[in-house]
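Visitor: okay, predicted coordinates and the sequence, questions at the end:
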Amino acid sequence: MNDLLARLHVYPIVTPTPFPVGPVNCYLYKGDALTLIDAGTATDAAYDALQAGLADYGVAVADIERIILTHHHVDHMGLAGRVVDASGAQVCAHKDFITHLRLAYSFDAAQRQFHRELLLLMGASPEKASVDMKRQERFRPLIPEVPVDCYLEDGATVEGFTVHFVPGHAPTDILLVNHAQGFSVVGDHILERINPNPLLRRPVAGFPREKSLVQYQQSLAYSRTLPLGVCLPGHGAPFVQHEKVIDGILAQQDKRSEKVLHYIHDAAVTPYTLSQMMYPKQHADEFFLCLSVAAGHLELLESHGVLASELLNDTMYYFRTEFLGQGDAI
């Protein structure tokens, strides 16, 4: 595979993260401009690994001319500003990148209020909400300013790649498809060894909160129709036959949805209660992920007409089973 990637002039660079997901991939692409796709986490260890990886291919950080970011999560964009400082590179990202970066990581009063109200709606106690808000604050040092100056629309082209907007895992996810050479950079949208669980997230002002897992499955259905060729993911090794990988992700999610129905049976549950049933031994650092998984599957089942939700006293969401006719499927 490395020989193939070298013929395509694309070179993987693995950088460490402090997160359970493990290392993240950046890619050096020697196109018309010397391009770095994704920029790792804002830590010295990641920067050292990036420098060393570039040096293996005869490149220095100062040589980078363009940076393309697949989405705004902290492990993919953290070093962009530092690379720009060293190189003057142009930064390209989805047109709503800065909007969602600030919504997710502003750590201001508006974000704290949204996060608290969201957790209470999901059924968490005020004490649990307070603890998780403090935990989220630990990300603050990993969120530098990202100087985006090239905003990518769906269908745009950059460095020979066609941009496809595939929101779900993140609201800024893009695929970079190089049709001429038969490969794609897929970020965290399609991962072979990890099921990319979409998180609960803060909406743009004036718009409803997106049902992240529902949106993600819609984007997967679209991506399955694209000729992606060799796929270069944000985590893990390159892979081919992305249709099978997508089918595997959807099959895992179907199994999880079946477990959700088993857990709740004919009761009414909040997402928080369900998350405790699904993950009784969850670590405090996994709380928001577990809650997002539970809420995502409840909302997915509701979108299929299997469950119905009710906002009780304007303070908390409950989901209950809809009694469908025999033979109805999820």
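Guide: That came through, no problem. Everything quoted here is computed from the prediction, not taken from an experiment.

Visitor: got the buried residues for stretch 84-94?
Guide: 84, 86-87, 89-94 (16 or more other Cβ atoms under 10 Å). For the C-beta atoms, the positions are set from N, CA and C on the backbone; glycine is no exception.

Visitor: what about the helices in the stretch 101-250 of the chain?
Guide: Assigned by DSSP state H, counting those that start in this stretch, the helices in the stretch 101-250 of the chain fall at 109-121, 126-136, 212-223, 242-264.

Visitor: most tightly packed of those helices?
Guide: When you average the neighbours per residue for each of the helices of the stretch 101-250 of the chain (mean count of other Cβ atoms under 10 Å), helix 212-223 leads with a mean of 20.

Visitor: by contact count, what packs against that helix?
Guide: Helix 212-223 is packed against helix 242-264, helix 287-303, with contacts defined by 3 or more Cβ pairs under 8 Å, 6 or more residues apart in numbering; DSSP states H and E.

Visitor: neighbours of Y27, how many?
Guide: Counted with other Cβ atoms under 10 Å, the neighbours of Y27 add up to 21.

Visitor: oh sorry, the question was meant for H169
Guide: For H169, the tally of surrounding residues (other Cβ under 10 Å) stands at 26.

Visitor: which non-adjacent residue is nearest it?
Guide: With Cβ to Cβ, 6 or more residues apart in numbering as the measure, P196 is the residue that lies nearest to H169, at 4.5 Å, once sequence neighbours are left out.

Visitor: for the one you found, give me its contacts.
Guide: P196 makes contacts with 169, 188-190, 216, 249, as judged by Cβ atoms under 8 Å, 6 or more residues apart in numbering.

Visitor: compare the helices of the stretch 101-250 of the chain and give me the one nearest F183.
Guide: Between F183 and those, the shortest separation by Cβ to Cβ is 11.0 Å, and it involves helix 242-264.

Visitor: show me what the closest one is packed up against.
Guide: For helix 242-264, the helices and strands in contact under the criterion 3+ Cβ pairs under 8 Å, 6+ apart are helix 212-223, helix 271-278, helix 287-303, strand 316-321.

Visitor: after that helix comes which helix or strand?
Guide: Once the chain leaves helix 242-264, the next helix or strand it forms, by DSSP states H and E, is strand 268-269.

Visitor: any low-confidence regions in this structure?
Guide: Low-confidence segments of the chain, defined by pLDDT under 70: 322-330.

Visitor: ok so, going back, got phi/psi on the residue nearest to H169?
Guide: With angles defined as degrees, to the nearest 10, P196 sits at phi -70, psi 100.

Visitor: and it, how far from F288?
Guide: Computed as Cβ to Cβ, to the nearest Å, the P196 to F288 distance reads 15 Å.

Visitor: quick check: buried residues in stretch 31-46?
Guide: 31, 34-43, 46.

Visitor: and it, how far apart are its ends?
Guide: The first and last residues of stretch 31-46 sit 24 Å apart, counting by Cα to Cα, to the nearest Å.

Visitor: give me the distance from that stretch to the chain's centre.
Guide: Distance of stretch 31-46 from the chain centroid (Cα atoms, centre = their mean, to the nearest Å) equals 18 Å.

Visitor: going forward, count from 133.
Guide: Sounds good: first residue 133 from here, last item stretch 163-178.

Visitor: take the helices and strands packed on helix 374-396 and lay them out in TSV including distance to L182.
Guide: TSV is the format used below for these (distance: least, Cβ to Cβ, whole Å):
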stretch	distance to L182
helix 344-355	28
helix 403-410	35
helix 419-435	26
strand 448-453	42
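
Visitor: picking that back up, now, the buried residues of stretch 216-226 that are in helices?
Guide: 216, 218-219 (DSSP state H).

Visitor: among those, which one sits closest to F239?
Guide: Nearest to F239 among those: V216, at 22.3 Å, using Cβ to Cβ.

Visitor: hang on, that closest one packs against I199?
Guide: Yes: with contact defined as Cβ atoms under 8 Å, V216 reaches I199; the gap is 7.2 Å.
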